[in-house]
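Enquirer: Would you be able to build a 3D model of this:
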Amino acid sequence: MPTNPRPTGRVGLLRIPGPELASLVLRGALLAARDRFDPASWPRYPFTASAAFPGWWELDLDALGLGDGVYEYELLANGATLTNDPYAAAITRFGGYRGLFTIVGGARIAPSFDWSDEFVPGISLPANNRIVIYEMPIKWMSSDPSEAPLVELGTIDKALFEHLDDLIALGINCIELLPIEDSPQTLNWGYGTRFFFAPDFDVASSVDLKFFIKACHRRGVRVILDVVMNMFAPECPLSVLAPTWFYTPSTASRQDWGQNLFLFDQPAYGSYFAAREFLCEMAEFWIADYHVDGFRIDDFADINNWDFVQGFRDRAATASATRFPGKPFLVVAEDSSGRFVATSDVSTNPNGRKVTDAIWNFRYRDEIRRLLCDQIATAWGAPSRSERVRHVLSKDGTWNDFTHGFDSGYADMACAVDYITSHDVADYNGQRLLNFLLAPMLQNAGLGDGSVANVRWAVDTADSSNNGAQRDLVSAALRRVGSAFALLMTSVGMPMFLAGEEFGDVHDTDFGDVNSKQQDPVQWNRQTLVGNAALKAVVGSFIRLRTAHPALQRNEIECFYFHPQFDDNNAPRVFAYCRGAGLPLGSPGQVIVIANLGAQAFPSYVVPDFRWTGELTELGYAQALPLYRALDGTLTLSLGAFEARVFTS
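Expert: Below you'll find the predicted structure:
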């Protein structure tokens, strides 16, 4: 028996799983006949049980003699249970959700879309080692400053027409879309998929989304999809049609998050694993029909099935390489455990090969936030502060705060997605960076309790406030966010950040609540505030450096200076490192970062043994030029509290 029962090359043949059904019927009508909408009276067309594939049902739309037009359709299982086609590639909503298909000349056709002008001569998509990832919740991409928070729902056309040009000017060359496959959630992010082959009805039509991706590609911007593969929404048709093939109850090793868990380990028959094949076909579909450039696998740890994920990655990469030779591609896993072994060809992995191309670097987020707040302490018998700084910036190992040691690192910068803020803002360490930094500053200054409302007030009224202390604190916090971006863009990894971080957006709702944290769209009007606008300009300079400078697209990094007492618990926190491009320190074409991540400011700080004798170019905030003393080989410069300065040689 063939291992894949899904028809290929025959868009008119529907084949639906239903191993425990006694009957399956399609009922549908022309979409243009909505003026007499009555699904109960629609014509019905029975499926027949497949002779070749036990448990599957077939219906040849091309044999029905249907007139030309777009049809909406739904399924009746066992004569009464209403459900839908789990493979529907387009959906409509009117008294429920239904699939759509188009008939021309009596046969079903695939909707046309002209991709011929997708790529522009002279503009190419960036390789994995050159990307800066912008994590984009489409539902947050409204930009109407007159609307209060939680009112206007972002859509793909708003992302395209209101933000894409601005993001490209900022330097962004890769967008990761939070789940775009259709979900029953309207305001939330969409981590519960109903239709795996159709764009979310609330945010994009098929044509809209394809046009967005084409527009990105024409501008040299890659598009990666965040996909949910551990589970599916109870509203997904698979729940009705074939639960025994696709669904497994929750176990101690897998968290279901209130949804239905995919069944990965039990074949439906022979060697056919229904859930695995369904998700691999999903990947191949989005690559072929939407030309996506990669996937981010949500909840990799709970999938807990590395051989399946490896197969998914292999199928997806092969599909992309076959259809688009030479186009870069990436499969990233969200793994809070930091198991970078998944990105390596080692004997302990299935088939001795890597499982994914990269994983999210949760450890980077936590450690860099400690560093930004001077919360890394040197403890007896544990690695020193300077060792931890070397590791967080490089690929040589990640800090494990439970074992108080380093876990294994990764082989290449393109194996890690480094970030300081992502959509996972659910706890203290995950909240938006400006909240994280400014809240304790306000508390310590007696300017509030550091709550969401307090931070929002401080930021939104800073420009008009007569309180100099408030203005100074907000300005200092924004500059610290700029220093964080300086570190992020010069660390060894693929940098990523959440929409709004580029200008210091803050929370408007409780980031600890599962619903309100998802219903807190970016407040784009904040980017016009004086300090926020300055931050955005600084962040843009760092992003453009990261995407253009060859030294930042290699693995080499060297921490060439630490203050002599850096490892003491009460001492200056000044250190410096170089992304050297494989050349000796002091060579042209290198990136140098000099950071002071402590509360003590230095109007004049001397860095000894500074080897760069040529002209330096500084990025970031405008500063007085550093004073270089060639005679004694030192660099003298100012270093504010919690400031990182970036130079190119």
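
Enquirer: From here on, just use CA atoms for contacts and neighbour counts.
Expert: OK.

Enquirer: so what's the closest residue to Arg44 other than its chain neighbours up against?
Expert: Using C-alpha to C-alpha, 6 or more residues apart in numbering and skipping residues adjacent in sequence, the residue nearest Arg44 is Arg27, 4.4 Å away. Taking C-alpha atoms under 8 Å, 6 or more residues apart in numbering as the criterion, Arg27 is in contact with Pro39, Trp42, Pro43, Arg44, Tyr45, Tyr73, Glu74, Leu75, Leu76.

Enquirer: show me where pLDDT drops low in the chain?
Expert: Judged by pLDDT under 70, the chain has its weakly predicted residues at 1-3, 143-152, 252, 629-630.

Enquirer: and the longest helix along it, what other elements does it pack with?
Expert: Counting by DSSP state H, the longest helix found in the chain is helix 468-490. For helix 468-490, the contact count by 3 or more C-alpha pairs under 8 Å, 6 or more residues apart in numbering; DSSP states H and E identifies helix 433-444, helix 452-460, helix 530-548, strand 643-648 as packing neighbours.

Enquirer: So what's the gap between that helix and the chain middle?
Expert: Here the centre of mass of C-alpha atoms in helix 468-490, compared against the chain's by C-alpha atoms, centre = their mean, to the nearest Å, lies 24 Å away.

Enquirer: Quick one: list the elements packing against the following helix or strand past it.
Expert: Where DSSP states H and E defines the elements, the next helix or strand beyond helix 468-490 is strand 494-498. Contact analysis of strand 494-498 by 3+ C-alpha pairs under 8 Å, 6+ apart lists strand 133-136, strand 416-419 as its packing neighbours.

Enquirer: ranking those by burial, who's on top?
Expert: Mean neighbour count, computed with mean count of other C-alpha atoms under 10 Å, is highest for strand 416-419 among the helices and strands packed on strand 494-498, reaching a mean of 26.

Enquirer: Burial check on Pro325, number of neighbours?
Expert: Residues near Pro325, counting by other C-alpha atoms under 10 Å, number 10.

Enquirer: host element of it?
Expert: Per DSSP H and E: Pro325 is located in neither a helix nor a strand.

Enquirer: what residues are up against it?
Expert: Counted by C-alpha under 8 Å, 6+ apart, Pro325 has zero contacts.

Enquirer: Distance-wise, check it relative to Thr318.
Expert: Pro325 sits 10 Å away from Thr318, going by C-alpha to C-alpha, to the nearest Å.

Enquirer: Now the common contact residues for the two.
Expert: In terms of C-alpha under 8 Å, 6+ apart, Pro325 and Thr318 are not both contacted by any residue.

Enquirer: Return the set of buried residues in the longest helix of the chain.
Expert: By neighbour count, and taking 16 or more other C-alpha atoms under 10 Å as the criterion, the buried residues in helix 468-490 are 470-471, 473-490.

Enquirer: Stretch 254-265 now?
Expert: Within stretch 254-265, the residues scored as buried using 16+ other C-alpha under 10 Å are Arg254, Gln255, Asp256, Gln259, Asn260, Leu261, Phe262, Leu263, Phe264.

Enquirer: tell me the SS of the third one?
Expert: In terms of secondary structure, Asp256 is coil; the call rests on DSSP: H, G, I helix; E, B strand; the rest coil.

Enquirer: ok, now which ones touch it?
Expert: Going by C-alpha under 8 Å, 6+ apart, the list of residues near Asp256 reads Asn230, Met231, Ser250.

Enquirer: now do 7 Å
Expert: If you count contacts by C-alpha atoms under 7 Å, 6 or more residues apart in numbering, Asp256 has them with Met231, Ser250.

Enquirer: Going forward, count from 56.
Expert: OK, 56 is where the count begins now, so the last one is Asp311.

Enquirer: Can you pull the phi and psi angles for it?
Expert: phi -100, psi -10 (degrees, to the nearest 10).

Enquirer: Now do it against Phe301, distance only.
Expert: With distances defined as C-alpha to C-alpha, the gap from Asp311 to Phe301 amounts to 14 Å.

Enquirer: swap in the fourth one?
Expert: Here the distance between Gln314 and Phe301 works out to 12 Å (C-alpha to C-alpha).

Enquirer: what does the first one give?
Expert: According to C-alpha to C-alpha, Arg309 stands 15 Å off from Phe301.

Enquirer: Same question for Ser596.
Expert: Computed with C-alpha to C-alpha, the distance linking Ser596 and Phe301 is 48 Å.

Enquirer: Looking at the two, which has the bigger crowd around it?
Expert: Legend: neighbour count by other C-alpha under 10 Å for Ser596 and Phe301, higher for Phe301 (25 against 18).

Enquirer: how far away is that one from Phe287?
Expert: Here Phe301 is placed at a distance of 9 Å from Phe287 (C-alpha to C-alpha).

Enquirer: hmm, back to that, kindly export the longest helix of the chain (C-alpha atoms) in PDB.
Expert: C-alpha atoms of helix 523-545 as PDB (Å, rounded to 0.1, in the frame of the first residue of the first chain):
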ATOM      1  CA  GLY A 523      12.900  66.600  35.300                       C
ATOM      2  CA  ALA A 524      13.500  63.400  37.200                       C
ATOM      3  CA  GLN A 525      10.800  61.600  35.200                       C
ATOM      4  CA  ARG A 526      12.200  62.800  31.900                       C
ATOM      5  CA  ASP A 527      15.800  61.800  32.900                       C
ATOM      6  CA  LEU A 528      14.700  58.300  34.000                       C
ATOM      7  CA  VAL A 529      12.800  57.600  30.800                       C
ATOM      8  CA  SER A 530      15.600  58.900  28.700                       C
ATOM      9  CA  ALA A 531      18.200  56.800  30.600                       C
ATOM     10  CA  ALA A 532      16.000  53.700  30.300                       C
ATOM     11  CA  LEU A 533      15.500  54.200  26.500                       C
ATOM     12  CA  ARG A 534      19.300  54.600  26.100                       C
ATOM     13  CA  ARG A 535      19.700  51.300  28.000                       C
ATOM     14  CA  VAL A 536      17.400  49.700  25.500                       C
ATOM     15  CA  GLY A 537      19.700  51.000  22.800                       C
ATOM     16  CA  SER A 538      22.700  49.400  24.500                       C
ATOM     17  CA  ALA A 539      20.800  46.200  24.700                       C
ATOM     18  CA  PHE A 540      20.300  46.300  20.900                       C
ATOM     19  CA  ALA A 541      24.000  47.000  20.500                       C
ATOM     20  CA  LEU A 542      24.800  43.700  22.300                       C
ATOM     21  CA  LEU A 543      22.100  41.800  20.500                       C
ATOM     22  CA  MET A 544      23.200  42.800  17.100                       C
ATOM     23  CA  THR A 545      26.900  42.100  17.800                       C
END
